[in-house]
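Participant: Following is a predicted model, sequence given first.
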Amino acid sequence: MATRTIGRRPIPGRSRLVLFGLALAVAWLGLGYRLYQIQVVKAEDYAERGLEQRLISRKLAASRGAIFDRNGELLAVTVDSESIYAVPSQLTDPVLVAQQLAPMLGEDYETLAERLETTEPFVYIRRQVEPKLADAVRNLQLPGLFLQKEPKRVYPSESVAANVVGMVDIDGNGLEGLEKFYDEQLRGVPGEARYEMNRHGDPIPQGRNDIRPAVPGVDLFTTIDSRIQFAALEACRDQLKVTDAERCSVVVLDVESGEVLAMVTYPDFDPMTRKGAKGTEFDNYPVRAVYEPGSTQKLVTLAAALEEHVVEPKTVISGVADRLELRNGACKSDSDEVHGCYRDFKSHRTVDLTVQDIFTQSSNVGTIMISQLLEEGTLGEYMDRFGQGRKTGIDFGGEAPGAINLGSDCLTCAASAAIGYSVSVSLTQMAAAYASVGNDGEWLQPHLVAEVVDTSGQRHTVVPKVRTVVSADTAWLLRQLLGNVVEDGTGQRAAVEGYTVGGKTGTANKVKPGGGYSDVTVASFVGMAPLGHPQVVVAVAVDAPSFQFRTGASAAAPVFAAVMEHALHQMGVPPDLGAGDG
């Protein structure tokens, strides 16, 4: 009987086990490959990505440099303060938080609640608060409510030098004044802190911690003398009460250095509240505003005539009338549309006057007659020499260049410019022009910062530009003429006891909005002392005084006298007049 081979039937359970084993092996191989990719091939990449997720980067604010006056008194400095902020996602009850905070902040709680009910991760509630308020908020211990330290700019001198120092915004960026002009140097270079944090927001011990320190900003030592600045501000404030004027501005210059000892505009400005005394915005009129200088411009006209040797102080100008007509019918017309009639301030008969008398009495007609002795274009050349029609280059933003209108097609412009019309100047330009006469004919660039002190303590002195405008001999003659104005002429109210003073009054009618001149004036006075060796120039402009105070003699000269006296005493300048000399 033949043998039958019986085949073995596969065991279902064993097949499944084999397949599962194969699948598991493939999975392990895949997992191993993936782990190899992560831990070997791309290990550095994943480690870097993980680190970036844990790393927190925060800017480290640089300490903003301080601003000092010339004597080391603080004008602007940065102090520590605290700001209140909230993390809305951590607030358990925004409305309840608002109800507790609102009375402390003086705000409406519903408005505050709306700010807190947001999806934003971070909300400032109030920045740079007073310590008392910060402590009160801290004591509430409300979840989601925090305080953080941040720098705050403060101005110890308040409004005294505000128009010069300027201000910053809440983030410490310069907005106006020296804060703006020197912003890049003052602010320094921010640093950075990078450190690892866990998912709860806590720093990881022994984790990465990289710090790039901030570089502090430089310190500025200005040319301003706070005591002279305050005296000028007080003099302006007092005179506005007397004259009911709109504005008073003062510039005080050191004759031998070009340093601005004081620069005042009143109504003044509070840099902390960013509000003016009468709700006005920030401005610095001595640098940014221009006006027609009136008779103070006659110094430039006389400088040209003396330097060109067409006259001397004792030269007689024949037939000086009280009016001069350059265009037929101009003096008979009541309309400002007909230009060409020039009058002296007071009526007088036609007389012969010396150049000295013309300047002392401030004769418009006589000054024009002197200017007509100059060659064409010469007056404009000297106006340019003295810095008119162009910026002085003072270290302050927004400086006005002024303007000179001496077009060849204008019949009356040269005559007008000779007596301070047809030209616009800033008070700083006029102060610098007069200072050049006090400095033996050398014009010095006015400047507000004397030294910049870097983080190493090294001091960098500011060196102003210098140019010659007239000879020393001409400057000496001009000083004698200015002295006569104060001693015997229109500037007698500018006298300072114990000192020889020279200066010039100016009264210029303001242009009406629709054209033509109004009865409203800018009254000014610019002068120097002591005349033998001038140390200080003071320039004053009083804008729109009441009619009875419309002249430079009545509105500006008293301010000049008060400021000059204080400046001379503050600088320790000895009197040069003995008893009975003045």
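Facilitator: Yes, it's here.

Participant: rest of the way, CA atoms for contacts and neighbours
Facilitator: OK.

Participant: where along the stretch 301-450 of the chain do the helices fall?
Facilitator: Using DSSP state H, counting those that start in this stretch, the helices of the stretch 301-450 of the chain run over 355-361, 364-371, 378-385, 413-418, 427-438.

Participant: And the stretch 101-250 of the chain, by the same measure?
Facilitator: Using DSSP H, counting those that start in this stretch, the helices assigned to the stretch 101-250 of the chain run over residues 109-116, 131-140, 162-165, 177-181, 183-187, 226-243.

Participant: for these, which one sits closest to residue 67?
Facilitator: For these, proximity to residue 67 was assessed by Cα to Cα; helix 162-165 is nearest, at 7.9 Å.

Participant: Quick one: list the elements packing against that closest one.
Facilitator: helix 177-181, strand 260-266, strand 269-270 (3 or more Cα pairs under 8 Å, 6 or more residues apart in numbering; DSSP states H and E).

Participant: again, only using 7 Å
Facilitator: Counting contacts by 3 or more Cα pairs under 7 Å, 6 or more residues apart in numbering; DSSP states H and E, helix 162-165 packs against helix 177-181, strand 269-270.

Participant: Make a markdown table out of those and add mean neighbour count.
Facilitator: Formatted as a markdown table, the helices and strands packed on helix 162-165 follow (neighbours: other Cα atoms under 10 Å):
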| stretch | mean neighbour count |
| --- | --- |
| helix 177-181 | 22 |
| strand 269-270 | 24 |
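
Participant: In stretch 233-248, which residues are buried?
Facilitator: 233-237, 239-240, 243-245, 247-248 (16 or more other Cα atoms under 10 Å).

Participant: Check stretch 320-331 too.
Facilitator: For stretch 320-331, the neighbour count (16+ other Cα under 10 Å) marks 320-325, 330-331 as buried.

Participant: Stretch 513-527 now?
Facilitator: Under the neighbour-count criterion of 16+ other Cα under 10 Å, stretch 513-527 has 517, 520-527 buried.

Participant: how about the strands in the stretch 201-350 of the chain?
Facilitator: Ranges of strands in the stretch 201-350 of the chain, per DSSP state E, counting those that start in this stretch, are 209-212, 219-222, 247-254, 260-266, 269-270, 275-276, 316-320, 323-325, 341-343.

Participant: and the third one, which strands flank it?
Facilitator: Meaning strand 247-254. Strand 247-254 sits in its sheet next to strand 260-266 (antiparallel), strand 536-543 (antiparallel), going by DSSP bridges.

Participant: That strand versus helix 226-243: what angle between them?
Facilitator: Between strand 247-254 and helix 226-243, the angle comes out at 150 degrees (axes from the mean of the first three to the mean of the last three Cα atoms, to 10 degrees).

Participant: Just say helix, strand or coil for the nearest residue to residue 576 once chain neighbours are set aside.
Facilitator: Excluding the flanking residues, the one nearest residue 576 by Cα to Cα, 6 or more residues apart in numbering is residue 499, at 5.3 Å. Look at residue 499: counting by DSSP: H, G, I helix; E, B strand; the rest coil, its state is coil.

Participant: Can I get the strands of the stretch 201-350 of the chain in TSV including mean pLDDT and distance to residue 460?
Facilitator: Listed next are these as TSV, based on pLDDT from 0 to 100; distance: least, Cα to Cα, whole Å:
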stretch	mean pLDDT	distance to residue 460
strand 209-212	71	27
strand 219-222	96	10
strand 247-254	97	20
strand 260-266	96	18
strand 269-270	82	30
strand 275-276	64	34
strand 316-320	95	52
strand 323-325	90	54
strand 341-343	89	51
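
Participant: Out of the ones you listed, flag the one nearest residue 158.
Facilitator: Nearest to residue 158, of these and by Cα to Cα, is strand 269-270 at 6.1 Å.

Participant: Parallel or antiparallel, which strands does the closest one pair with?
Facilitator: strand 275-276 (antiparallel).

Participant: ok so, going back, CSV please, covering the helices of the stretch 101-250 of the chain and showing distance to residue 369.
Facilitator: Listed next are those as CSV, based on distance: least, Cα to Cα, whole Å:
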stretch, distance to residue 369
helix 109-116, 72
helix 131-140, 69
helix 162-165, 41
helix 177-181, 43
helix 183-187, 50
helix 226-243, 34
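
Participant: These: which one's closest to residue 289?
Facilitator: Proximity to residue 289, assessed across these by Cα to Cα, is greatest for helix 162-165 (13.0 Å).

Participant: Now tabulate the helices of the stretch 101-250 of the chain in JSON lines and tack on distance to residue 402 and mean pLDDT.
Facilitator: Shown next, in JSON lines, are the helices of the stretch 101-250 of the chain (distance: least, Cα to Cα, whole Å; pLDDT from 0 to 100):
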{"stretch": "helix 109-116", "distance to residue 402": "49", "mean pLDDT": "81"}
{"stretch": "helix 131-140", "distance to residue 402": "47", "mean pLDDT": "85"}
{"stretch": "helix 162-165", "distance to residue 402": "20", "mean pLDDT": "94"}
{"stretch": "helix 177-181", "distance to residue 402": "20", "mean pLDDT": "95"}
{"stretch": "helix 183-187", "distance to residue 402": "26", "mean pLDDT": "93"}
{"stretch": "helix 226-243", "distance to residue 402": "24", "mean pLDDT": "97"}
